[in-house]
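# below is the sequence, then the predicted model.
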Amino acid sequence: MESYLGESIPKLGFGLMRLPKDGDAIDIGQVAQMADEFLDAGFTYFDTSWGYPGSEEAFGKAVASRHPRESYVLATKCPVWIPADREVGRSMIDVSLERTGASYIDFYLLHNLGEGRTHYFEDFDMWNLVQEKKEQGLIRHWGLSFHDNAKALDELLTAHPETEFVQLQINYADWNNPAIESRKCYETARAHGKPVIVMEPVKGGSLTHLPDDVAKVFADANPDASLASWGVRYAASLEGVITVLSGMSSIDQMRDNISYMKAFEPLTDAERATIERARELLEGYRSIPCTACRYCAEVCEKNVAVSGIIEALNWYEMYHDLPLAQGRYGWNTDGHGLAKASACVKCGKCEEACPQHIKIRDELPKAVEIFGE
């Protein structure tokens with residue numbers, strides 16, 4: 001296999017989205033200790049974003065001001081769709097450089113393309129801007145993070161073959177999930193010759209507190225391995241991966257990740273079989289058989305996010321994690337300008353359009369009860 005961008009980077013990256021807090025503020029002292037242990041163990045990649053409140057500044061204080069620039073790899077991102085303002089969006093690179101205190105950014109990402117967000121990057125001419133910043137030496141490499149389906153990714157990479165890498169949500173639970181399309185997106189990126197950075201390898205922490213029968217599969221296979229280790233190593237074992245981001249919130253999480261990634265070994269055939277058994281059990285918890293075809297969206301006069309609401313219900317059923325499911329519910333509704341379950345008028349048109357024959361009018365009230373609206 002030919003070498004690829006970032007191949008030599010250690011396969012564990014420090015995601016700075018969920019940093020430890022001291023009250024309402026980020027605990028800089030603990031972040032510094034975590035960063036020190038991370039670097040001492042031979043890891044280098046730190047991932048943050050203009051859009052993570054306080055994260056870039058925390059990196060500047062805990063890492064950039066305390067370690068030589070050549071000792072770490074910095075990635076940050078521009079979510080220009082948050083302000084939806086050209087001037088603010090195009091200034092994000094300079095703001096990130098100031099906040100982090102880094103003289104340059106190693107991996108710069110156009111952040112969270114897909115669905116209704118992609119056009120902002122076109123409107124603000126971000127593709128040319130990142131290339132200009134690269135020519136100026138302010139960024140070394142640039143790519144994009146992506147949350148949409150494989151067809152949209154293929155169209156995007158076809159339109160912008162100059163993209164150097166792609167960051168994707170990949171974990172064993174979402175590998176075949178029709179709402180996420182982890183496998184299809186990964187295969188699309190690789191078909192375009194792009195290396196991949198993995199985000200959400202433990203699905204926001206959900207794969208660390210699995211249903212008892214699923215957790216038992218892993219415990220029987222290796223009682224000494226943490227649940228997180230199965231998710232991170234699964235992603236890191238894929239070909240063409242630059243690094244796998246773990247959003248670490250404590251020193252204990254950092255130490256656990258280091259323990260199995262310092263001398264990383266790809267999954268064995270037996271370990272892959274264990275994960276496949278666990279995945280089959282997990283998929284059995286996805287009680288509503290929605291395939292995210294979105295035919296319901298084409299007929300709903302109230303613009304209810306039917307498939308997104310069902311996805312959140314399935315997450316709640318699978319992981320019994322209300323904050324995670326609540327976050328997904330909000331993102332799939334408010335985050336996309338769509339109506340919540342309470343807006344349903346029970347007309348039944350969605351059920352007529354649903355190829356899976358889901359009793360949608362029975363399911364949406366469950367979302368109102370669980371998520372509050």
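Great, that's in hand. Numbering: from 1, shown residues only.
# isn't residue 217 right up against residue 280?
No. Using C-beta atoms under 8 Å, residue 217 is not in contact with residue 280, being 9.4 Å away. Every residue, glycine included, has its C-beta placed from N, CA and C.
# neighbour-wise, which of these two wins?
Using other C-beta atoms under 10 Å, the more surrounded residue of residue 217 and residue 280 is residue 217, with 19 against 11.
# for the residue nearest to that one when sequence neighbours are not counted, helix, strand, or coil?
Spatial nearest neighbour of residue 217, chain neighbours left out: residue 278 (4.6 Å); criterion: C-beta to C-beta, 6 or more residues apart in numbering. Secondary structure assignment for residue 278 (DSSP: H, G, I helix; E, B strand; the rest coil): helix.
# ok, residue 278 - how many residues close by?
Look at residue 278: counted by other C-beta under 10 Å, it has 24 neighbours.
# and residue 309, by the same measure?
29.
# kindly report the same for residue 132.
Neighbour tally, residue 132, other C-beta under 10 Å: 12.
# now it: which helix or strand?
Here residue 132 sits within helix 126-135, counting by DSSP states H and E.
# pLDDT value on residue 1, please?
If you check residue 1, the pLDDT there is 58.
# quick revisit: contacts for the helix holding residue 132?
Residues outside helix 126-135 that contact it (C-beta atoms under 8 Å, 6 or more residues apart in numbering) are 78, 80, 89-90, 93, 108, 110, 120-121, 139-142, 160, 162.
# strand partners of the helix or strand following that helix, parallel vs antiparallel please.
Per DSSP H and E, helix 126-135 leads on to strand 139-146 as the next helix or strand towards the C-terminus. Partners of strand 139-146 in the sheet, by DSSP bridges, are strand 105-113 (parallel), strand 166-169 (parallel).
# name the spans of the stretch 201-350 of the chain whose pLDDT lies under the cut-off.
Counting by pLDDT under 70, the ranges of the stretch 201-350 of the chain that qualify are 286.
# if you set the cut-off to 90 instead, what comes out?
Applying pLDDT under 90 to the stretch 201-350 of the chain picks out residues 203-209, 211, 282-295, 297-299, 311, 314-321, 324, 336.
# likewise for the stretch 1-150 of the chain?
Using pLDDT under 90, the stretch 1-150 of the chain drops low at 1-2, 18, 24, 82, 114-117, 147-148.
# returning to what we had before: what's the farthest-apart pair in the contacts of helix 126-135?
Farthest pair in these (C-beta to C-beta) is 120 and 140. Separation: 23.9 Å.
# tell me which of those two has more neighbours.
residue 120 (21 against 15).
# just the residues contacting the helix or strand the more buried one falls within, thanks.
According to DSSP H and E, residue 120 maps onto helix 118-123. Identification of contacts with helix 118-123 by C-beta under 8 Å, 6+ apart yields 80, 81, 84, 86, 89, 110, 113, 126, 127, 152, 156.
# show me how to select, in ChimeraX, the buried members of the residues you listed.
Here is the ChimeraX command that selects the buried residues among the contacts of helix 118-123 (16 or more other C-beta atoms under 10 Å):
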select :80,81,89,110,113,126,127,152,156
